[in-house]
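1. I would like the atomic coordinates for the input below:
(4 chains)
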Protein chains: 2
Amino acid sequence: MVDLFTVLADPSRRRILDTLRGGDGLIVKELTAALDLSQPNVSKHLRVLREAGLVTETVERQRRRYRLRPDALRELDAWLAPYRRFWVQRLDDLADHLDSSTPPEGT
Amino acid sequence: MVDLFTVLADPSRRRILDTLRGGDGLIVKELTAALDLSQPNVSKHLRVLREAGLVTETVERQRRRYRLRPDALRELDAWLAPYRRFWVQRLDDLADHLDSSTPPEGT
DNA sequence: TGGTTATATAACTGTCAAGGCATGTAAATT
DNA sequence: AATTTACATGCCTTGACAGTTATATAACCA
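-> Modelled structure (predicted):
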């Protein structure tokens, strides 16, 4: 369960990440309220996210504040990189095509 | 099982995609040989990948050639985009920091 | 025609994880 | 001290696949 892709495969976890994107972290209760999930459910997902390095936990007395750690997503970006080449390539092809074809009317 | 993240969560499927990145597609038999997976297993994964729009199937007589369709990964890129902001931000912060500190010796 | 090749699909089995409920624990409140 | 709040964790059930084996289908070959 350490695999980043597997961790991101769960919609609830992605919603948690999306929610943590704004502001400076949220405590568990705020997350359960925002996402309408049960507290144990949220806690479990947070554990998985934490073990994957996607969030950090800060203890504040009784509460625990979770913050996004977007660096962990660079692994995903790295995986995607060689594929991104392809659609950039297509844009280049399109540009070449436009260059070699009759220019359109207006400008 | 139409969810892109779920489809990509399987390592075998990612290996298939990686393998299809070079050349102009492969037939099923070539994939099974390259990845050392059973033929039914490969066929099932290819079906999932096809239904997710990640590969295309071309019938060549008896054989079926599968090609990568990297456009389908733009959805993943789009999901990642708002997170990419964050680590770009950090680079900016670093740049700002360097600007405001004593310039290094050489050049 | 009969056999072989290439691929898909069905049926079965094992594994694993998501979510529910109940409970533990520590801090806060009264 | 007793209660409440905030959170984690354990157990349990259920469902979702992954992979195997066996079989169906279609094209190719001798």
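
2. which bits of chain A sit near chain B?
-> By the rule Cβ under 8 Å from any Cβ of the partner chain, the part of chain A lying against chain B is A:3, A:5-6, A:8-9, A:11, A:14, A:17, A:21, A:68, A:70-71, A:73-74, A:76-77, A:79-80, A:82-84, A:86-87, A:90. Using the backbone N, CA and C atoms, a C-beta is placed for each residue, glycine as well.

3. in strands only, show me those.
-> A:Leu68 (DSSP state E).

4. ignoring the adjacent residues along the chain, who's closest to A:Leu68?
-> Distances taken as Cβ to Cβ, 6 or more residues apart in numbering or on different chains put A:Leu20 closest to A:Leu68, at 4.2 Å, once the chain neighbours are dropped.

5. correction: the previous question concerned A:Ala72.
-> A:Ala72 sits nearest to A:Gly53 (Cβ to Cβ, 6+ apart), 4.1 Å away.

6. and the residues of chain A next to chain B near DNA strand D, which?
-> Residues of the residues of chain A next to chain B in contact with DNA strand D (Cβ under 7 Å from any atom of the strand): none.

7. returning to that earlier point: pLDDT at the residue nearest to A:Leu68, what is it?
-> In the predicted model, A:Leu20 carries a pLDDT score of 98.

8. show me the contacts for it.
-> Applying Cβ atoms under 8 Å, 6 or more residues apart in numbering or on different chains to A:Leu20 gives the contacts A:26, A:31, A:55, A:66-68.

9. phi, psi for A:Val2 please.
-> The phi/psi pair for A:Val2 (degrees, to the nearest 10) reads phi -90, psi -10.

10. wait, A:Pro11 touches B:Leu4, no?
-> No: contact criterion Cβ atoms under 8 Å: A:Pro11 and B:Leu4 do not qualify, at 11.4 Å.

11. filter the residues of chain A next to chain B to the buried ones?
-> A:5-6, A:8-9, A:14, A:17, A:68, A:70, A:73, A:76-77, A:79-80, A:83 (16 or more other Cβ atoms under 10 Å in any protein chain shown).

12. which pair of these spans the longest distance?
-> Within these, A:Leu68 and A:Tyr83 form the most distant pair, 24.4 Å apart (Cβ to Cβ).

13. and chain A, which residues reach DNA strand C?
-> Residues of chain A lying near DNA strand C (Cβ under 7 Å from any atom of the strand): A:1, A:6, A:9-12, A:37-38, A:40-41, A:44-45, A:48, A:61-62.

14. out of these, who's the most crowded?
-> A:His45 (22 neighbours; other Cβ atoms under 10 Å in any protein chain shown).

15. state the helix or strand in which A:Leu37 lies.
-> If you go by DSSP states H and E, A:Leu37 is not part of any helix or strand.

16. coming back round to it: show the buried residues in the contacts of A:Leu20.
-> Among those, the ones that count as buried by 16+ other Cβ under 10 Å are A:26, A:31, A:55, A:66, A:68.

17. which one of those residues is nearest DNA strand C?
-> A:Leu31 (12.8 Å; Cβ to the nearest atom of the strand).

18. need the contact list for A:Gly25.
-> Residues in contact with A:Gly25 (Cβ under 8 Å, 6+ apart) are A:58, A:65-68.

19. hmm, try it at 6 Å
-> A:65-67 (Cβ atoms under 6 Å, 6 or more residues apart in numbering or on different chains).
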